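> below: sequence and its predicted model.
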Protein chains: 2
Amino acid sequence: MSEQKRTEIAALGEFGLIDRLAKKNITVNPSTLKSIGDDAAVIDNGDKMTVVSTDLLVEGIHFDLMYTPLKHLGYKSIVVNLSDIYAMNAQPKQVTVSLALSNRFSVEAVEEIYEGIYAACKAYNVDLVGGDTTSSPRGLVISVTAIGQGERDQLVYRNGAKVGDLVCISGDLGAAYLGLQILEREKRLYLDNPSVQPDLEQQTYLVGKILKPEARKDIIEMLSKNGIKPTAMMDISDGLASELHHICRQSGVGAYIEESGVSIHPDAQMMAINFKLDPITCALSGGEDYELLFTIDPSDIEKLKYLPDIYIAGEIVPKEDGITLHTKGGNIHPISAQGWQHF
Amino acid sequence: MSEQKRTEIAALGEFGLIDRLAKKNITVNPSTLKSIGDDAAVIDNGDKMTVVSTDLLVEGIHFDLMYTPLKHLGYKSIVVNLSDIYAMNAQPKQVTVSLALSNRFSVEAVEEIYEGIYAACKAYNVDLVGGDTTSSPRGLVISVTAIGQGERDQLVYRNGAKVGDLVCISGDLGAAYLGLQILEREKRLYLDNPSVQPDLEQQTYLVGKILKPEARKDIIEMLSKNGIKPTAMMDISDGLASELHHICRQSGVGAYIEESGVSIHPDAQMMAINFKLDPITCALSGGEDYELLFTIDPSDIEKLKYLPDIYIAGEIVPKEDGITLHTKGGNIHPISAQGWQHF
């Protein structure tokens, strides 16, 4: 390892690091339609496009086995990748799963993870086609690659948003983040006093959103049935603020979001206040909701307006106008790209 | 985690575990041509087949950064996956790379890994199209997925070997294993006395085989040019013995290998003796050579006979005859499936 110069990864952040590495990337194969920088890569197979997305889940970073059932973990590891494929307006078809496991895990534990994996495959009509199983000196690592199929002219990228497009969000935001706060609180209580039993009964919605998220296959199907092709789309894994910045940067535009246009579940509203957090901040910066953020041409508004569980939250504006939040009180705040910072 | 019953993974081994998990696997998509159980999965895209392979490399299990330069590690992580694609008689086109890194790694360290990744991509005409970069509480994990393209009637699986077919091996075996023994010895010497400088100058062939392996793209191209389509093929990552068992099991046959038909490099011969090891045992059970093991129809022998760097090492026999080694001394030994046991 070169020791001449040492730049901490934290100084660049995940996206800064990826940008720096991607600068040296040159693609040569004509079948490589889309490389680094979207939810998934796109490969031209003549007839159909192959869409590929991959994610690495690391124990102690992405999940805590103290409160994550192994079956849920397996389920979620698949779903988060399928979500990326849907965000390309494509259909996931296959997944590969690789596991690195320390000897703390038994065969039965691995089978529980796979029960969740198979349950997700069944729910989304996806086939598990390969992978790798190996040992690890410590902890559990899950690497999933999802492979989907899409029509050449139906794929949706991050860079297609135009000034005047409407910004839409599926479902409600912030719930997964608040679910995580509940689990972390219960963990602290338990560590302080192991005889305390966690009480999660009242919070099935929030806890369910973090432990067993679903990918919005239904939204993609509904848009397609109603003849709507978004101009840009991505899934909300790092938080609305972060994803909005990605779409704006890649499309060369700005955007505003109306606070009143962001749906927040009543349980999330309540719990945010409980934790002394601002609900809209949880919705903007909390991650892992796996909802879809997309933009549509304003001419599609009549088709979209009455569709369930889709909220028109704002509009694409010229780049100079920046990325802002219009609060219920009538104020305008710039939105920073506060995603999840792993480093 | 269920604690009712605990079976250690070591009790099943890697392949036993995969078998057990794969039993519950049901595929539903018509595009899924080949699932778990070969070097790569095969997806039907109408015109072209997409071939997908994935590998997880874990620090402390698959590599030791005390003697593995980061650039070599990046290079190797790509090559071992490309090797799986070639073993399907397909052409790799794209890769995705995911990294999990602890804060011990600087941006410069990550750039070194990527230098190796890009060098491998360039050498094999492959495009890096995506991935994921995240932190890890400890150590480095690299997950690579390789995507290739093949013609429907040109793909070669593990299950096509027939009685009477000839068993062929590209290149020489055992060198990577002996290279690893040298590096491990130098590491021990260094740990005992850090002022000792390692002397690897004399062993560039063996050390090169473990630190910077190459995938046998040249062999695949040569076979194709000469009109030879193997009946079964896989790459030798876990050792000849283990791979031969895979082909025999999946093809429902047995096989014998002639000791004199297995090429062992003179440096490997010497070093084996140096370490008091049997050279043929190193060739059979040492892994990571990334050579190709394949079978051909006997009618192809005239076409193959004079091709460089391919050795006819044995023959496929009925299953009842087992899997055996015919030694130079005229003895017949059963070959056990001694692959690498990570667990």
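Now that the structure is in, tell me what you want to look at. Numbering: from 1, shown residues only, chains lettered A, B, ... in the order given.

> next one, pLDDT for the residue positioned nearest the centre of chain A please.
For chain A, A:Ser237 is the residue whose C-alpha lies nearest the centre (C-alpha atoms, centre = their mean; 2.2 Å). As predicted, A:Ser237 sits at a pLDDT of 93.

> that one and chain B, how far apart?
To chain B, A:Ser237 is 11 Å away according to C-beta to the nearest C-beta, to the nearest Å. Every C-beta, even on glycine, is put in place using the N, C-alpha and C of the backbone.

> surely that residue meets A:Asn81?
No - when contacts are counted by C-beta atoms under 8 Å, A:Ser237 is not listed as touching A:Asn81 (10.3 Å).

> identify the contacts common to these two.
Common neighbours of A:Ser237 and A:Asn81, counting by C-beta atoms under 8 Å, 6 or more residues apart in numbering or on different chains, are absent.

> quick one, phi psi at the residue nearest to the centre of chain A?
Geometry field for A:Ser237 lists phi and psi as phi -100, psi -30, criterion degrees, to the nearest 10.

> once you drop chain neighbours, what's closest to it?
For A:Ser237, ignoring the flanking residues on the chain, the nearest one in space by C-beta to C-beta, 6 or more residues apart in numbering or on different chains is A:Gly287 at 5.8 Å.

> that neighbour - that's part of a helix, no?
No - with DSSP: H, G, I helix; E, B strand; the rest coil as the criterion, A:Gly287 is coil rather than part of a helix.

> what number of residues are in the vicinity of it?
22 (other C-beta atoms under 10 Å in any protein chain shown).

> how about the residue nearest to the centre of chain A, what does it touch?
Residues near A:Ser237 by C-beta under 8 Å, 6+ apart: A:Val80, A:Ser83, A:Glu243, A:Gly287, A:Glu288, A:Asp289, A:Tyr290.

> pLDDT added to these, as a markdown table?
Converted to a markdown table, these look like this (pLDDT from 0 to 100):
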| residue | pLDDT |
| --- | --- |
| A:Val80 | 96 |
| A:Ser83 | 97 |
| A:Glu243 | 95 |
| A:Gly287 | 91 |
| A:Glu288 | 95 |
| A:Asp289 | 96 |
| A:Tyr290 | 97 |
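
> quick one: the helices in the stretch 151-300 of chain A?
Assigned by DSSP state H, counting those that start in this stretch, the helices in the stretch 151-300 of chain A fall at A:175-192, A:204-211, A:217-225, A:240-251, A:266-274, A:279-285.

> now render those helices as a markdown table, adding distance to chain B and mean neighbour count.
Listed next are those as a markdown table, based on distance: least, C-beta to the nearest C-beta, whole Å; neighbours: other C-beta atoms under 10 Å in any protein chain shown:
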| stretch | distance to chain B | mean neighbour count |
| --- | --- | --- |
| helix A:175-192 | 16 | 19 |
| helix A:204-211 | 15 | 21 |
| helix A:217-225 | 14 | 17 |
| helix A:240-251 | 14 | 23 |
| helix A:266-274 | 26 | 18 |
| helix A:279-285 | 18 | 23 |
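
> in space, what's closest to A:Ser143 - neighbours in sequence excluded?
B:Ser143 (3.8 Å).

> quick one: the one you found is in a helix?
No - under three-state DSSP, B:Ser143 falls outside any helix and is assigned strand.

> count of neighbours near it?
Neighbours of B:Ser143 (other C-beta under 10 Å): 30.

> now do it, the pLDDT please.
At B:Ser143, pLDDT is 96.

> now for it: which residues touch it?
Contacts of B:Ser143 by C-beta under 8 Å, 6+ apart are A:Thr54, A:Leu56, A:Ser98, A:Val141, A:Ser143, B:Thr54, B:Asp55, B:Leu56, B:Leu57, B:Val97, B:Ser98, B:Leu99.

> many thanks, have a good one.
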